[in-house]
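Undergrad: Predicted model and sequence follow; I will ask about them next.
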Amino acid sequence: MELRDYLKVVRARKWVILQAVVVVTLTALVVSFLQPPRYQGEAKVLISEKDTGAALFGTILPELSSQPERGLQTQVQLMQLRPLAEETIRKLDLKTDPETLLKRVQVSAVGQTNIVTIKATDGDPESAARIANTMADEFVQWSKGYKRESLRAASTEVESRLEEAKEQVLELGRKIDAEGKSDDVAAELQIATGAYTTLAEKLEQLRINEQLEIGSGRVVSGAVGTEDPVSPKPLRNGVLGTAVGLVFGLGMAFLYEYLDNTIKSEDEVERLFGAPVLGHIPTDRVPKEQAQRLAIVESPGSRTAEAYRVLRNSLDFINFQHDTTTLLVTSAAPGEGKSTVAANLAASLAQAGQKVVMMSCDFRRPTTERFFGVTNMIGLSDVLTGSHSLKAAMQRPGDEQLVVLTSGKMPPNPSELLSSKKMQELVDELEEWADWVIIDTPPLLAVADPAAVARWADGVLLVTRAGVSTREAGRNAKEMLDNVGARVIGVAVWDLGEAGSASGYDYGSHHYGNYYYADYYSAQLAGQSRSAKHRDSGAKAPVRVTTEALPKGPPPRADILYIPPRSPGRKLAEGVGRMLAAMLGFLAVVAVAGAVAYVLDAYFGWGLVAAIARL
């Protein structure tokens with residue numbers, strides 16, 4: 001996928017993205033306003049670690065070890081010990097347990113310093129400050145006791161050795177008194193006396209250090225109760241909710257796009273069927289009882305009628321060699337509008353002065369007679385079975401250019417009749433008189449009839465509906481036509497512009513969209529359109545398809561490009577769409593910029609995220 005494909009997906013699913021952003025943002029704001037305020041007390045402790053060996057050997061070592069980060073993190077972990085929490089609960093008489101208290105206390109080192117902060121959170125600002133101060137004091141006291149205990153243990157060990165040295169000196173003194181003083185005994189006495197003196201000095205030094213020991217840390221800043229709550233932060237939560245909603249919405253949009261296997265674009269249609277799109281047919285908004293009507297006759301000034309004219313012109317253009325006379329019109333699945341396209345295409349070709357035969361091969365659900373106002377008493381099945389002649393079955397719906405051959409009664413073997421030699425002879429006979437033979441068949445994936453009759457057709461016009469027809473059905477239909485050697489010359493797509501406007505894939509207007517509104521014809525055909533609304537498009541009376549009733553007068557100038565005015569509703573919809581697209585683009589830019597700023601802030605330690613969090 002290219003960048004524009006991703007942008008098309010975003011445009012197509014903008015309502016999903018917008019809903020996700022709105023829902024998550026509103027949820028974050030509602031939760032923020034419903035949460036009780038929480039206050040935070042912060043105490044700071046300066047860590048200064050001295051090795052116990054310094055007291056034994058009289059050497060002052062650096063305040064931190066050769067790995068200061070490791071030593072500092074050790075102190076951070078020691079501040080979160082359970083005994084400290086238990087002592088804090090006891091002193092403050094808190095109604096909680098150590099585990100819960102430790103979850104409300106946050107201990108962390110400040111950057112590259114020896115300072116550790118203790119942050120306690122509570123519903124009362126004074127209580128939060130007391131908890132932080134008590135935790136800090138308890139750590140200092142515990143650390144001091146731990147260090148003094150270490151020195152006390154060392155003093156005890158030195159004291160025991162001092163007693164041994166004293167006994168050794170006394171023993172040598174008694175030996176001198178008894179045996180007299182010799183050089184060897186004098187040397188031993190000097191060594192013993194030196195050891196005794198050294199140990200006595202160390203013992204005194206340890207006792208002094210024990211009294212001076214203050215532990216590994218000292219409180220340099222006590223916590224103070226403040227009325228500014230740390231949570232909830234509606235502004236921060238709203239911004240984070242918007243960012244999360246945008247990411248979630250984009251994820252859902254691409255997930256929907258991945259799961260949606262319907263046809264949505266012209267490029268996709270051409271790749272799927274290997275044939276060009278000859279026309280984009282918009283849905284004609286009419287009452288349900290008038291759904292099966294000739295829009296090109298009933299509403300000649302409508303955009304739907306203009307779409308059929310475009311389809312007719314495209315068909316004439318690709319048939320410049322006049323090698324296609326019999327055209328089979330079908331679809332992959334039911335409900336894709338193939339009968340409507342076939343009937344209106346036949347009427348449009350007849351209006352252009354060409355001789356057209358409209359033949360229905362749909363024995364199971366015939367609809368051709370409803371479009372042209374003819375009967376279905378005698379039809380194709382009667383001709384193929386030999387019960388009636390072709391001349392008796394053919395009907396004219398009010399003019400000389402169009403002949404209709406309905407399907408007739410349902411035969412017991414429709415596929416066999418349509419694939420028979422007699423069907424081929426019938427098609428050849430119709431081609432001798434007509435410029436076009438339009439054949440309406442059932443859907444390809446419903447029955448075998450279309451594949452049976454496709455072998456007698458010069459070309460196939462596939463009809464599909466954007467947003468409804470699936471890719472799998474289209475592939476199966478194309479494979480079925482290829483298996484019988486049929487040639488797909490083009491595709492007519494329903495609702496590509498309509499589905500595109502709703503979902504973002506607005507390809508139809510790119511080609512012919514401006515002319516589908518057909519405001520160009522409205523002034524000349526207003527009277528005819530109004531009278532046509534009262535005409536019954538059923539089978540009660542023949543429907544005349546010729547253009548004799550069109551008003552006389554000079555044709556419109558071909559050198560003037562007419563762009564019809566847009567209605568206020570369409571202007572509003574386009575404005576809202578542009579506004580939403582701009583807003584989603586802005587949110588996407590903000591999200592990307594926020595992610596980059598967060599990474600840079602974490603790497604360089606600028607503190608921007610912490611500053612924003614305090615808003």
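TA: Nice, thanks for sending it over.
Undergrad: got any ranges where the stretch 51-200 of the chain has weak pLDDT?
TA: Counting by pLDDT under 70, the stretch 51-200 of the chain contains low-confidence residues at 51-68.
Undergrad: same thing but 50
TA: Scanning the stretch 51-200 of the chain for pLDDT under 50 picks out 51-64.
Undergrad: Would you map the helices across it?
TA: 53-57, 68-78, 82-92, 98-103, 125-179, 183-212 (DSSP state H, counting those that start in this stretch).
Undergrad: any chance of these in CSV, with mean neighbour count too?
TA: (Glycine included, C-beta is placed from N, CA and C.) Output for the helices of the stretch 51-200 of the chain, formatted as CSV (neighbours: other C-beta atoms under 10 Å):
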stretch, mean neighbour count
helix 53-57, 14
helix 68-78, 15
helix 82-92, 17
helix 98-103, 14
helix 125-179, 17
helix 183-212, 15
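Undergrad: Out of those helices, which is closest to residue 345?
TA: When the helices of the stretch 51-200 of the chain are compared by C-beta to C-beta, helix 98-103 sits nearest residue 345, at 73.0 Å.
Undergrad: send the alpha carbons of that closest one over as PDB?
TA: Extracted C-alpha coordinates of helix 98-103, given in PDB (Å, rounded to 0.1, in the frame of the first residue of the first chain):
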ATOM      1  CA  PRO A  98       1.600  -2.200  54.600                       C
ATOM      2  CA  GLU A  99       1.000  -3.400  51.100                       C
ATOM      3  CA  THR A 100      -1.700  -0.800  50.400                       C
ATOM      4  CA  LEU A 101       0.500   1.900  51.900                       C
ATOM      5  CA  LEU A 102       3.500   1.000  49.800                       C
ATOM      6  CA  LYS A 103       1.300   1.300  46.700                       C
END
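Undergrad: what's around residue 233, how many residues?
TA: Residue neighbour count, defined by other C-beta atoms under 10 Å, stands at 17 for residue 233.
Undergrad: hang on, it packs against residue 32?
TA: Yes. Judged on C-beta atoms under 8 Å, residue 233 makes contact with residue 32 at a distance of 7.0 Å.
Undergrad: ok, back up a step: TSV for the helices of the stretch 51-200 of the chain, including distance to residue 242?
TA: What follows is these, written out as TSV (distance: least, C-beta to C-beta, whole Å):
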stretch	distance to residue 242
helix 53-57	56
helix 68-78	34
helix 82-92	38
helix 98-103	28
helix 125-179	30
helix 183-212	57
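Undergrad: domains for the chain, by residue range?
TA: 1-35+232-260+571-615, 39-223, 263-534 (automatic domain parsing).
Undergrad: So which of those domains is the most surrounded?
TA: domain 263-534 (a mean of 20; mean count of other C-beta atoms under 10 Å).
Undergrad: wait, isn't residue 213 in contact with residue 146?
TA: No. The criterion here is C-beta under 8 Å, and residue 213 misses it with residue 146 at 9.5 Å.
Undergrad: returning to what we had before: between the helices of the stretch 51-200 of the chain, which gets nearest to residue 336?
TA: helix 98-103 (60.5 Å).
Undergrad: Mind giving me the packing neighbours of that closest one?
TA: helix 82-92 (3 or more C-beta pairs under 8 Å, 6 or more residues apart in numbering; DSSP states H and E).
Undergrad: what's the helix it packs on packed up against?
TA: Helix 82-92 packs on helix 98-103, helix 125-179, going by 3+ C-beta pairs under 8 Å, 6+ apart.
Undergrad: now do 10 Å
TA: helix 98-103, strand 105-109, helix 125-179 (3 or more C-beta pairs under 10 Å, 6 or more residues apart in numbering; DSSP states H and E).
Undergrad: CSV for these, including distance to residue 389?
TA: Formatted as CSV, the helices and strands packed on helix 82-92 follow (distance: least, C-beta to C-beta, whole Å):
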stretch, distance to residue 389
helix 98-103, 94
strand 105-109, 96
helix 125-179, 101
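Undergrad: Who does the helix or strand residue 437 falls within pair with, and is each partner parallel or antiparallel?
TA: Taking DSSP states H and E as the criterion, residue 437 maps to strand 436-440. Within its sheet, and counting by DSSP bridges, strand 436-440 is paired with strand 326-331 (parallel), strand 356-360 (parallel).
Undergrad: pLDDT (mean, whole number) over the longest one?
TA: Average pLDDT, strand 326-331: 92.
Undergrad: nearest spatial neighbour of residue 126, skipping sequence neighbours?
TA: residue 225 (4.2 Å; C-beta to C-beta, 6 or more residues apart in numbering).
Undergrad: How many residues are close by the one you found?
TA: 16.
Undergrad: what sits against it?
TA: Contact partners of residue 225, counting by C-beta atoms under 10 Å, 6 or more residues apart in numbering, are 39, 40, 41, 122, 124, 125, 126, 127, 128, 129, 130, 132.
Undergrad: Per-residue pLDDT of residue 347, please?
TA: 91.
Undergrad: how close does residue 439 get to residue 357?
TA: 9 Å (C-beta to C-beta, to the nearest Å).
Undergrad: which regions of this structure lie under the pLDDT threshold?
TA: Residues of the chain meeting the criterion pLDDT under 50: 51-64, 498-541, 547-564.
Undergrad: how about the strands in it?
TA: Assigned by DSSP state E, the chain shows strands spanning 39-47, 105-109, 115-122, 217-221, 277-281, 326-331, 356-360, 402-405, 436-440, 459-465, 488-494.
Undergrad: Pipe the ones you listed into a markdown table and attach distance to residue 395 per row.
TA: Conversion of the strands of the chain to a markdown table gives the following (distance: least, C-beta to C-beta, whole Å):
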| stretch | distance to residue 395 |
| --- | --- |
| strand 39-47 | 88 |
| strand 105-109 | 88 |
| strand 115-122 | 87 |
| strand 217-221 | 100 |
| strand 277-281 | 26 |
| strand 326-331 | 19 |
| strand 356-360 | 10 |
| strand 402-405 | 5 |
| strand 436-440 | 15 |
| strand 459-465 | 23 |
| strand 488-494 | 25 |
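Undergrad: Any idea which of the ones you listed gets closest to residue 580?
TA: strand 277-281 (24.4 Å).
Undergrad: what's that closest one packed up against?
TA: Packing partners of strand 277-281 (3+ C-beta pairs under 10 Å, 6+ apart): helix 266-273, helix 303-318, helix 338-351, strand 459-465, strand 488-494, helix 496-503, helix 508.
Undergrad: got a markdown table for those, with distance to residue 376 too?
TA: Shown next, in a markdown table, are the helices and strands packed on strand 277-281 (distance: least, C-beta to C-beta, whole Å):
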| stretch | distance to residue 376 |
| --- | --- |
| helix 266-273 | 31 |
| helix 303-318 | 24 |
| helix 338-351 | 13 |
| strand 459-465 | 22 |
| strand 488-494 | 25 |
| helix 496-503 | 32 |
| helix 508 | 34 |
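Undergrad: Please name whichever of these is nearest to residue 182.
TA: helix 496-503 (113.0 Å).
Undergrad: Identify the bridge partners of residue 357.
TA: Bridge pairing for residue 357 - DSSP bridges - gives residue 403, residue 437.
Undergrad: still on that earlier bit, so for residue 19, which of the strands of the chain sits nearest?
TA: Among the strands of the chain, strand 459-465 comes nearest to residue 19, with 25.6 Å by C-beta to C-beta.
Undergrad: Pull up the pairing partners for the closest one, direction included.
TA: Here strand 459-465 has these sheet partners by DSSP bridges: strand 326-331 (parallel), strand 488-494 (parallel).
Undergrad: That one versus helix 338-351: what angle between them?
TA: Relative orientation of strand 459-465 versus helix 338-351 (axes from the mean of the first three to the mean of the last three C-alpha atoms, to 10 degrees): 130 degrees.
Undergrad: Tell me how far strand 459-465 lies from the chain's centre.
TA: For strand 459-465, the separation from the chain centroid amounts to 33 Å (computed by C-alpha atoms, centre = their mean, to the nearest Å).
Undergrad: May I have it as PDB, with CA atoms only?
TA: Extracted in PDB, the C-alpha atoms of strand 459-465 (Å, rounded to 0.1, in the frame of the first residue of the first chain):
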ATOM      1  CA  GLY A 459     -19.400 -10.100 -24.700                       C
ATOM      2  CA  VAL A 460     -20.500  -9.900 -21.100                       C
ATOM      3  CA  LEU A 461     -21.200  -6.700 -19.100                       C
ATOM      4  CA  LEU A 462     -20.800  -7.500 -15.400                       C
ATOM      5  CA  VAL A 463     -22.800  -5.500 -12.900                       C
ATOM      6  CA  THR A 464     -21.600  -5.100  -9.300                       C
ATOM      7  CA  ARG A 465     -22.600  -2.900  -6.300                       C
END
